[in-house]
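Student: Sequence first, predicted coordinates after that:
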Amino acid sequence: MTSAEVTWLDDDTAQIRQPKKSHWEAPFLFLLFGRDRALLLDTGATDDETIFPLRETIDQLIENWLRRHPARFTRPYELIVAHTHAHGDHIAGDQLLADRPGTVVLGTTPAEVIAFFGFQSWPDEVVEVHLGGRTVDAIGGPGHEPSAIVFYDRATRILFTGDTVCPGNLYVRDRGEFVRTIDRLIRFRDAQPKHIRSLLGAHIEMSKKKGVDYPPGTVHQPHEAPLALPPSILDEVRAALDEPGERVVRDRFIVANVG
Ligand SMILES: [Zn+2]
């Protein structure tokens, strides 16, 4: 069994990477702890627990956090399982958590996502998700995929951008929606009272060499770029979207127009 690669971003925020050995997509998942509930973003690229033990990983992380913070949480403690978007490599583990006590696994259609978060005017509205003493903003993010959401955690000041913005290929499937989403994220960024610290997407496909990516299917990435991107990357993505061509290569990402 290959265990998950867990990094605590702070005391209440875990970054989980599905190991490359278990699936070349090696997506990143994030687990955010509040007083009343935790929020898991994405469930990975496989439901085979012998190669990626999702349920065990999440159970252990929650158990450990609860043990570390005996006075800081509400019982029974809930888990919301949401998604950055509905592509298979981000939702494959959903069924492994479906029967977990106190757990809500969100549906993956735009209608289900809109209804759960309570968007009145999708995708332009920003909706608050309350974890108990911790607020996360859900921002409509279609363009890569119709149900995509970008999450902003006010506590860590991290923007979780899924596949919409990551150090890799940004697959633009609906150009109009994608451009409007990047514009929306730029407006959101510029309206924050405190500067956004960084963007964390769901994959690393770029190498440390500027503009050079590892092709799809690569399992060994010894010189991969860091996951975190600066908030200014949004302006670079926006500018790249105005350039013609199927593949617009920048130092830290590639816009892949596939729509
Ligand atoms: Zn995707």
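Tutor: That came through fine. Numbering: from 1, shown residues only.
Student: Specify the local secondary structure of Trp122.
Tutor: What DSSP: H, G, I helix; E, B strand; the rest coil gives for Trp122 is coil.
Student: Contact partners for the residue nearest the centre of the chain?
Tutor: Central residue of the chain (CA atoms, centre = their mean): Gly162, 3.7 Å from the mean position. Each residue near Gly162 by CB atoms under 8 Å, 6 or more residues apart in numbering is listed here: 41-42, 84-85, 90, 141, 144, 148-150, 201-202. Quick note: C-beta positions are derived from backbone N, CA and C, even for glycine.
Student: Arg189: which of these is nearest?
Tutor: Using CB to CB, Val150 is the member of these that lies nearest Arg189, at 10.5 Å.
Student: partners of the helix or strand containing the closest one, with directions?
Tutor: If you go by DSSP states H and E, Val150 is part of strand 149-153. Its sheet considered, strand 149-153 pairs with strand 135-140 (antiparallel), strand 158-162 (antiparallel) by DSSP bridges.
Student: just to revisit the earlier point, and the furthest pair within the contacts of Gly162?
Tutor: Of all pairs in those, the most separated under CB to CB is Leu41 and His144 at 14.9 Å.
Student: can you list the residues of the stretch 151-259 of the chain near the ion?
Tutor: Asp163 (CB under 5 Å from the ion).
Student: ranges for the strands of the stretch 151-259 of the chain?
Tutor: Along the stretch 151-259 of the chain, counting by DSSP state E, counting those that start in this stretch, strands occupy 158-162, 169-172, 198-201, 228-229, 247-249, 254-257.
Student: Which among those strands is found nearest to Asp12?
Tutor: strand 158-162 (11.9 Å).
Student: Residue for residue, what is the longest helix the chain has?
Tutor: helix 175-191 (DSSP state H).
Student: what packs against it?
Tutor: Counting contacts by 3 or more CB pairs under 8 Å, 6 or more residues apart in numbering; DSSP states H and E, helix 175-191 packs against strand 135-140, strand 149-153, strand 158-162, helix 233-241.
Student: what comes up buried for it?
Tutor: 177-182, 184-185, 188-189 (16 or more other CB atoms under 10 Å).
Student: Low-confidence stretches in the stretch 1-150 of the chain?
Tutor: 1-2 (pLDDT under 70).
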